[in-house]
Structures are given as structure tokens and as C-alpha cells.
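Asker: structure, please.
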Amino acid sequence: KAGDAQKAATMLNNLAYLHQEEGKDVQAEREYRQCLEARERALRSEHPDIGTSCSNLATALAGDPARAGEAERLLERALTLARAMGPDNPDVGYALNNLAYLNQGRGDAAKAEPLYRDSLRIWEKRFGPDSEQVAITLENLAVLMEDAGRPGEAAPLKARVERIRAKPAGSPAEAWAAEFRAGQKALNENKNADAAAAFERALEKGAGFGERDERNLRALVQLALACRNLPDYPRAEAAVRKAVSLAEAALGPDTLEVADGLNVLALVLDDTDRAGEAEPFYQRALLIRIKALGAEHPEVATSLNNLAFSFLRQQKFPEAEKLFRKAVGISEKSNDQAYLAFTLNNLGSTHEGMKQLPLAEEEYRRSLAIYEKLPGNPGIANSCFNLGNLLQLRGDFDGAIQLLQKAISALKPLGEGHPQMAKAQHNLAVVYMGQNRDLEEADRLFRASRATSERVYGPDHPEVASSLDNHARLLDALDRKGEAEQLRQRVREIRAKRR
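Answerer: Numbers count the residues shown, from 1 in each chain. Below you'll find the model as predicted:
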């Protein structure tokens, strides 16, 4: 029983880490807490895994100034437990570094500096002076020096970081970690070709770990996500099928790692108009997550949403509605506001497809109201798009334009190059064109939108073809026939490649 409890706690910890990487902070915090509570019940009070859980939970809390005190208490407990295993144990270094970072965020440089220097001493002793962990700590310390008005002390630290990172990574594990981090950074920045290349390099660096090593499974799934975004669907499908097969063999057929792979595989199949093939993979991922996590877990809501969205694309509206309603209920109970807004928007799309327009509008407006309380969340754009489309249907073009302008304003912190910004610009240009107003502004918006779509998705993506097609219609209206025909020729070439 104790072994089962430990496995469950480890599963929660891994799931929390994944959610933290995805920016799902509410879910990550809840799972880290559940993991800590499970370990406190199953293990002796001085067990090092309890310290690890304290550190992980603290990192989830550290970004909220109102909870910095709780985060500090957790880190101090983690540090005490780590020191019981020896003063130079790596867990001591992690606890010191996290505690320093917390104090740095609070503006307490005097408290943070000695903690960073103590952790640096441990990393240099344990991993060598040129390890990546040393570089990370030096980087944090350099930022601290600059913030404290000591640029002269920061400069040599930054120079040392550059020297370390200019050298080949020391161990295969460090080399793998460096490439995996580079891939995740590129993926988060929508640099999908760079991400795919980095994950391929990570797999090369990890060849000696063995195919069934969990690190290589993670790299394969991330490679599939990057290739899906490119899009390079054959490569994405090959990577994720391999990941699922290896995870089943290494970890068992009913593990969360298998569910994650099945979910990505289903998304790729859905993207390539193979919804019938995707459905059983969505179903299996859902059943694994219910069995492992319980029917009310937020990750179950994700599976419900994905399967429901597949039904929605197939116009199986009653099936989609049932699952979206379940997902809404889970999100309301978990108080995950971002995911609740996302799911309400999807439910609204379902009711729009069912011609239940007043209900759809109510759900779109509720989704939008939630997003407006979550600054910087790009999901607000989809709520604005969908509600704007409804307003257009009933002839309220001014209302639709205001919503699209609201989306653009809300997305500005993410930058002009964000894919949701491109979609907002494109949709606003289409409305202007349809109303024969602000046509020069529509021309500018089409160009900006297409530039982003080409950078993010590549020049031959369907999103680019759609943008070119609509822009060509605008250029016809502006009597710029030659330019319009050039764009239409590109559309024909793109669509010919995808046949």
C-alpha cells in the first residue's frame, strides 16, 4: 500500500510539473499540494521526498506576492530536510537557489546574495565549474547585481556564463537537458522549426539513455507538438506513435504518459481530417485519466474537451454538448478560470452549430467576462471572434468591430508576432472589407496578419492560403488586379502542394 501511495504521489508530482510548464498554475499548485499531503501520510517526516515536494509547491506559489511567506516557509523546510543528508547534497543547492530567487523577487538582495553564493559553491563542487547548473545560478546572481546597482560585479558573472555555454555540454544528461530547454523555449515562442530541431538534437544526445528512458519519451512528444504546429503532420505522427509505443512497453498501457501521447496522436489525426481514427485514442486517453486521477480531475476536463471538440468538428453536436458540459462542471469545481472560459467558448460554438443562438451568445459573453479578468491570456481572442461572428449574423457590424479591436488591444502585450494577434488582424480586415470601409487599414491588417502566419506556420500553411485569398479579394476592390492575381497564384500553389 505504501508503494502504491508513493507511485500516486510521484504521478501527481509529474503531472504538476507538466502543468507548470504549460502555464496551468492553478492545476499545478493543487497537484503539488496533493503530492505533498500524500507523501506526508506515507513517509517518515524527515524523508527527502517531502523536501522535494515542499520545494516544488513553493515554486508554484512564488509568483504571487501575497503567498511569498508560505513559499518561504516551504523552502526553509526543504532546506532543513536537505541538509540532514549532508551539507553538499544537491537538494541543498536547489533549496538555496529557490530561496534566493524568492528573496530576489521580493527585492531583498542582501538576503538573496549569500544564498546564491552558497548554492554556487555546491554546484561547482558537485558538477564542476562549467556545468549548466552553475551557469543558471551565475545568471541569477548577475541579474541580482544589476538590480542592486552593481553592474561592475554583474559583468564578469555574465562573461563567465557566456564562456560556459560556448563550450560543449559536459555529460550526455546535461547536453540533453540543454537541448530540451532550448526546444521548449522555442516552442513557447512559436518558433516551431527551431523547436523541432532542438528536440531532434535532444533525442540524439539521449541515444545512450535507451529508447525507453522517460526523457526520450518526453522529447518525442514535444517533437510531435512542434511538428504539428509547423505543420509537418507525417513527422508529428511518426514521433508520437513511437512515443506511445515506447511508453506502453516501458511504463505500462494505462499510465498517464501513455495518455498524454494518445492525446497528441489524436490531435494530429484530427488535424489531418481523420476524426474517425482519432476518436478511439481520445476515448482511451480519457479512460486512463479517469482511472488514474478520478472523474473530477482537471486533466479529465482536458480529455473531455478534446474529444468534444473532435465531435464538434464532425458536427456531432449532441455528443459534443454533453462532454463540454461535463468539462465546464469540472472547471467550475476546480476554480480554473482560464480553462472554464475556454470550455464555455467551445460550448457556445456547439450551441451556435445547433442554431441555439441566444444560448451561444450567453456562453460567449460569460467566457469573455472571465477572460477580461485574466490579463494577457490569448484565449480572449477566440471569445471575441465567436461573439463578433454572432453579432455580424444579426447585422451588428459596429459591435463586431469593437470586439475585434478589443481582442487586438488585449493581445498587444503578447506582441505583433503572436498567432492570435494575426487571427484578430485578419478577422478585423475581413469585416472592414465586407462593410467597404477603412479599406487601406484592411490592407495593412492583411499584410501584418500574413507576415505573422508565414513566420509561425511556414509559407505553405492553410492559414496563409486563407489570408492570401481574402487579401486578393480586397485588392480587387481597390482595383489592384495585378497584385490580386499574384496572391491567387500563391493560393493555387499552396493548395496544390496539399492535395
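Asker: quick check: next helix or strand after the lowest-mean-pLDDT helix or strand in the chain?
Answerer: For the chain, using mean pLDDT, DSSP states H and E, the weakest element among its helices and strands is helix 2-21, scoring a mean of 66. Stepping forward along the backbone from helix 2-21, the first helix or strand reached (DSSP states H and E) is helix 25-42.
Asker: gap between that next one and the chain center?
Answerer: Its chain's average C-alpha position is 21 Å from that of helix 25-42, according to C-alpha atoms, centre = their mean, to the nearest Å.
Asker: low-confidence bits of the stretch 201-350 of the chain, can you list those?
Answerer: Scanning the stretch 201-350 of the chain with the threshold set as pLDDT under 70 gives 211.
Asker: try 90 this time
Answerer: Residue ranges of the stretch 201-350 of the chain with pLDDT under 90: 205-218, 228-233, 246-247, 249-257, 260, 270-276, 289, 291-302, 313-314, 331-339.
Asker: and the helices in it, which stretches?
Answerer: 214-229, 233-251, 256-271, 275-293, 298-313, 317-334, 337-353 (DSSP state H, counting those that start in this stretch).
Asker: quick one, the fourth one and helix 298-313 angle?
Answerer: With axes from the mean of the first three to the mean of the last three C-alpha atoms, to 10 degrees as the basis, helix 275-293 and helix 298-313 are set at 160 degrees to each other.
Asker: do the same with the first one
Answerer: Per the same axes, to 10 degrees, the angle that helix 214-229 makes with helix 298-313 is 30 degrees.
Asker: just the CA trace of helix 214-229, in CSV.
Answerer: Extracted in CSV, the C-alpha atoms of helix 214-229 (Å, rounded to 0.1, in the frame of the first residue of the first chain):
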residue,chain,number,x,y,z
GLU,A,214,11.5,8.8,-19.8
ARG,A,215,13.5,11.8,-21.1
ASN,A,216,13.4,10.5,-24.6
LEU,A,217,9.7,9.8,-24.3
ARG,A,218,9.1,13.5,-23.3
ALA,A,219,11.3,14.7,-26.2
LEU,A,220,9.4,12.6,-28.7
VAL,A,221,6.0,14.0,-27.5
GLN,A,222,7.4,17.6,-27.6
LEU,A,223,8.9,16.9,-31.1
ALA,A,224,5.4,15.8,-32.2
LEU,A,225,3.8,19.0,-30.9
ALA,A,226,6.4,21.2,-32.7
CYS,A,227,5.9,19.3,-35.9
ARG,A,228,2.1,19.5,-35.6
ASN,A,229,2.5,23.3,-35.3
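Asker: contact partners of that helix?
Answerer: 176, 180, 183-184, 186-187, 190, 192-193, 195-196, 199-200, 202-203, 206, 209-210, 233, 235-237, 239-240, 242-243, 246-247, 250-251, 257, 260-261, 264-265, 267-268, 271, 456-457 (C-beta atoms under 8 Å, 6 or more residues apart in numbering). To be clear about C-beta, it is placed using only N, CA and C from the backbone, and glycine gets the same treatment.
Asker: how about the contacts made by Ala424?
Answerer: Ala424 is in contact with Ala381, Cys384, Phe385, Leu404, Ala407, Ile408, Leu411, counting by C-beta under 8 Å, 6+ apart.
Asker: ok, 7 Å please
Answerer: Ala381, Leu404, Ala407, Ile408, Leu411 (C-beta atoms under 7 Å, 6 or more residues apart in numbering).
Asker: generate CSV for the helices of the stretch 201-350 of the chain, with distance to Thr80 and mean neighbour count as supplementary columns.
Answerer: Shown next, in CSV, are the helices of the stretch 201-350 of the chain (distance: least, C-beta to C-beta, whole Å; neighbours: other C-beta atoms under 10 Å):
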stretch, distance to Thr80, mean neighbour count
helix 214-229, 29, 23
helix 233-251, 33, 19
helix 256-271, 31, 24
helix 275-293, 31, 19
helix 298-313, 32, 23
helix 317-334, 32, 19
helix 337-353, 35, 23
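Asker: which stretch among those comes nearest Leu390?
Answerer: Between Leu390 and the helices of the stretch 201-350 of the chain, the tightest spacing by C-beta to C-beta is seen for helix 337-353, at 6.9 Å.
Asker: and that closest one, what does it pack onto?
Answerer: Under the contact definition 3 or more C-beta pairs under 7 Å, 6 or more residues apart in numbering; DSSP states H and E, helix 337-353 sits against helix 298-313, helix 317-334, helix 357-371, helix 380-393.
Asker: out of these, nearest to Glu493?
Answerer: Using C-beta to C-beta, the nearest of the helices and strands packed on helix 337-353 to Glu493 is helix 298-313, at 26.5 Å.
Asker: got the angle for that closest one vs helix 317-334?
Answerer: Here helix 298-313 runs at an angle of 160 degrees relative to helix 317-334 (the same axes, to 10 degrees).
Asker: ok, residues contacting helix 298-313?
Answerer: The contact list for helix 298-313 (C-beta under 7 Å, 6+ apart) reads 15, 27, 263, 266-267, 270, 275, 278-279, 282-283, 285-286, 289-290, 293, 319-320, 323-324, 326-327, 330-331, 334, 336, 339, 343, 346, 349-350, 353.
Asker: what of stretch 320-335?
Answerer: So stretch 320-335 is in contact with 26, 296, 298, 300-301, 304-305, 307-308, 311-312, 339-340, 343-344, 346-347, 350, going by C-beta under 7 Å, 6+ apart.
Asker: gap between it and the chain center?
Answerer: With C-alpha atoms, centre = their mean, you get 21 Å for stretch 320-335.
Asker: Leu57 and His47: what is the separation?
Answerer: 15 Å (C-beta to C-beta, to the nearest Å).
Asker: more neighbours: which of the two?
Answerer: Leu57 (25 against 16; other C-beta atoms under 10 Å).
Asker: and that one, how far from Ile494?
Answerer: Counting by C-beta to C-beta - Leu57 and Ile494 are separated by 48 Å.
Asker: adding distance to Gly482, write the helices and strands packed on helix 337-353 out as JSON lines.
Answerer: Listed next are those as JSON lines, based on distance: least, C-beta to C-beta, whole Å:
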{"stretch": "helix 298-313", "distance to Gly482": "38"}
{"stretch": "helix 317-334", "distance to Gly482": "44"}
{"stretch": "helix 357-371", "distance to Gly482": "40"}
{"stretch": "helix 380-393", "distance to Gly482": "31"}
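Asker: residues in contact with the helix or strand harbouring Ala178: which ones?
Answerer: Counting by DSSP H and E, the element that carries Ala178 is helix 172-188. Contact partners of helix 172-188, identified using C-beta under 7 Å, 6+ apart, comprise 21, 131-132, 169, 194-195, 198-199, 201-202, 205-206, 208, 215, 219, 222, 225-226.
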